[in-house]
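Colleague: Have a look at this fold, sequence not included:
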């Protein structure tokens, strides 16, 4: 057990370090990239549409979430392949790879969110809304969902290389099927209904926004409970699928 | 008391004629008759290794030595049969697993050591010892890519043998470094043997096998033959390869015979 956490930390720290190893600015890139991105977005949005700081902020939350989601999915897709050389030589608890990989995506998100938070204070908003608990809840659900997805696709991608392209396609669809640039209420009600049903990000984003904007009403308790349950079941199934199929998979690498 | 007990172990690999890796190929494959060859690597193998024994596994390239070792290390799972091990197993199927050239020697000590199952605290305690054994004090904060290949394996070797296990699985990790280092590593092996550790080593160096092992396992055609007389085992292998037998041990064989393959 002692080594379990050590290994988790080691994978996390090493992978994080290596991403910026070759650059002059090093870890500063983690901050520069989102900073520049938001600066551009804010400038364009406020100068194009006048004084809509509020909507720019609303938009940003969505962009951050979808970035976290696609990064997590893409990292999850490749993570076993990337650790192939170790998996083939040492028998350690393989799920550590999944945990450390999703942890990297999560930390990226938290850094991005911190920078966004600075923007919020500059524009005289509070960093969190009064119901900030919703934000935390949404973040936990999203992370759990990513773990579940990673458990499945990391294994599938060993045998089926083409899943990479399928995932790319799906990520694009999900981007447009998630209310980032628009509000879900603007859609015809039946379409909105199906989107909410099939795209967990719709509700998750709704929950998170409720924790950040005081004028954003949270979804109903029952719908929150249902999605929390569904995601948990999905992730647990993913974990068992992962544990069950992985021992057989070493020889397919 | 056994350290490793293998009963009725079978392992085969499927070799598809055409590897399906895309969905279209998969769909097309549904309508074709599947052409899959199975390669039986190990067929109903049973043996046991006692605690404190040193066993050499020899055999031709592709005979299944490494597969056997990977099965013992639970990297592969058996098709049939059972493998029981007693105590902590540490596999050294390759030196320096997870080594990253962009990281410093110091960082790699922790990375590799932790991958091999050692806790960080333990490595911190043993760090100076590892570096001293590898003779890399001056270079430990250099990136690994600036090391010579000899330096890299020395470091890897030093980390690996700092781990405290009961069973060591070794795949060709002998003959690392220069002569002086080899002498040092021989002492390590003798130390492990003296401390009654169980060692299973795959090697093509027949002299190493004869020098260190009490038993020889010859892997041929899916079977594992056990020889308690190592010279006999080694010669059985040489016969399979169409080579002359080696003289009995006290006479040290000539140099070129160390590299049969």
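Modeller: Everything's here; your move. Remember, it's a predicted structure, so these values are computed and weren't measured experimentally.

Colleague: so how many other residues sit close to residue 225?
Modeller: Reading this off chain A. By other CB atoms under 10 Å in any protein chain shown, the residues close to residue A:225 number 10. From N, CA and C alone the C-beta is placed, and that goes for glycine too.

Colleague: try chain B instead
Modeller: Neighbours of residue B:225 (other CB under 10 Å): 15.

Colleague: secondary structure class for it?
Modeller: Here residue B:225 is recorded as strand under DSSP: H, G, I helix; E, B strand; the rest coil.

Colleague: Could you measure from the closest residue in space to it that isn't next to it in sequence over to residue A:137?
Modeller: Using CB to CB, 6 or more residues apart in numbering or on different chains and skipping residues adjacent in sequence, the residue nearest residue B:225 is residue B:218, 4.6 Å away. As judged by CB to CB, to the nearest Å, residue B:218 and residue A:137 stand 62 Å apart.

Colleague: Neighbour count for those two, which is higher?
Modeller: It is residue B:218, of residue B:218 and residue A:137, that has more neighbours when counted by other CB under 10 Å, with 23 against 19.

Colleague: thought that one was touching residue B:229?
Modeller: No: Residue B:218 is beyond contact range of residue B:229, at 11.9 Å (criterion: CB atoms under 8 Å).

Colleague: Helices of the stretch 51-200 of chain B, start to end?
Modeller: B:65-72, B:105-115, B:120-134, B:149-160, B:179-194 (DSSP state H, counting those that start in this stretch).

Colleague: Can you give me the buried ones in the last one?
Modeller: It refers to helix B:179-194. B:181, B:184-185, B:189, B:192-193 (16 or more other CB atoms under 10 Å in any protein chain shown).

Colleague: could the helices of the stretch 51-200 of chain B be laid out in JSON lines, adding distance to residue A:221 and mean pLDDT?
Modeller: Formatted as JSON lines, the helices of the stretch 51-200 of chain B follow (distance: least, CB to CB, whole Å; pLDDT from 0 to 100):
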{"stretch": "helix B:65-72", "distance to residue A:221": "51", "mean pLDDT": "91"}
{"stretch": "helix B:105-115", "distance to residue A:221": "44", "mean pLDDT": "95"}
{"stretch": "helix B:120-134", "distance to residue A:221": "43", "mean pLDDT": "94"}
{"stretch": "helix B:149-160", "distance to residue A:221": "53", "mean pLDDT": "90"}
{"stretch": "helix B:179-194", "distance to residue A:221": "62", "mean pLDDT": "84"}
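
Colleague: mind putting these in TSV, distance to chain A included?
Modeller: TSV is the format used below for these (distance: least, CB to the nearest CB, whole Å):
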stretch	distance to chain A
helix B:65-72	8
helix B:105-115	5
helix B:120-134	5
helix B:149-160	11
helix B:179-194	19
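
Colleague: Could you dump the ones you listed into a markdown table with distance to residue A:207 added?
Modeller: Below are the helices of the stretch 51-200 of chain B laid out as a markdown table (distance: least, CB to CB, whole Å):
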| stretch | distance to residue A:207 |
| --- | --- |
| helix B:65-72 | 46 |
| helix B:105-115 | 37 |
| helix B:120-134 | 37 |
| helix B:149-160 | 47 |
| helix B:179-194 | 57 |
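
Colleague: do you know which of those lies nearest residue A:39?
Modeller: Ranking the helices of the stretch 51-200 of chain B by their distance to residue A:39 (criterion: CB to CB) puts helix B:105-115 first, at 34.6 Å.

Colleague: So what's the residue count around residue 160?
Modeller: As the question left the chain open, I've gone with chain A. 17.

Colleague: that's the wrong chain, I wanted chain B
Modeller: Residue B:160: 26 neighbours (other CB under 10 Å).

Colleague: Same question for the one 5 residues further on.
Modeller: By other CB under 10 Å, 19 other residues sit near residue B:165.

Colleague: separation between it and residue B:132?
Modeller: Residue B:165 is 21 Å from residue B:132, by CB to CB.

Colleague: now do residue B:162
Modeller: 11 Å.

Colleague: now do residue B:193
Modeller: 22 Å.

Colleague: Spit out the contact partners of the nearest residue to residue B:1 once chain neighbours are set aside.
Modeller: Once flanking residues are discounted, residue B:1 sits nearest to residue B:51: 5.1 Å by CB to CB, 6+ apart. Going by CB atoms under 8 Å, 6 or more residues apart in numbering or on different chains, residue B:51 touches B:1-3, B:86-87, B:166, B:196, B:198.

Colleague: Just the buried residues from those residues, in ChimeraX please.
Modeller: For the buried members of these, the matching ChimeraX selection, counting by 16+ other CB under 10 Å, is:
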select /B:3,166,198
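
Colleague: What are the buried residues along the helix or strand containing residue A:165?
Modeller: Using DSSP states H and E, residue A:165 maps to helix A:163-176. Residues of helix A:163-176 classed as buried: A:163, A:167, A:174-175 (neighbour count, 16+ other CB under 10 Å).

Colleague: can I assume the residue nearest to residue B:225 sits in a strand?
Modeller: Yes: counting by three-state DSSP, residue B:218 is part of a strand.

Colleague: Wondering if the lowest-mean-pLDDT helix or strand in chain A reaches chain B at all.
Modeller: Lowest mean confidence among the helices and strands of chain A (mean pLDDT, DSSP states H and E): helix A:28-48, at a mean of 79. No: contact of helix A:28-48 with chain B (CB under 8 Å from any CB of the partner chain) is absent, the minimum separation being 15.8 Å.

Colleague: Name the next helix or strand following that helix along the chain.
Modeller: Following helix A:28-48 toward the C-terminus (DSSP H and E): helix A:53-82.
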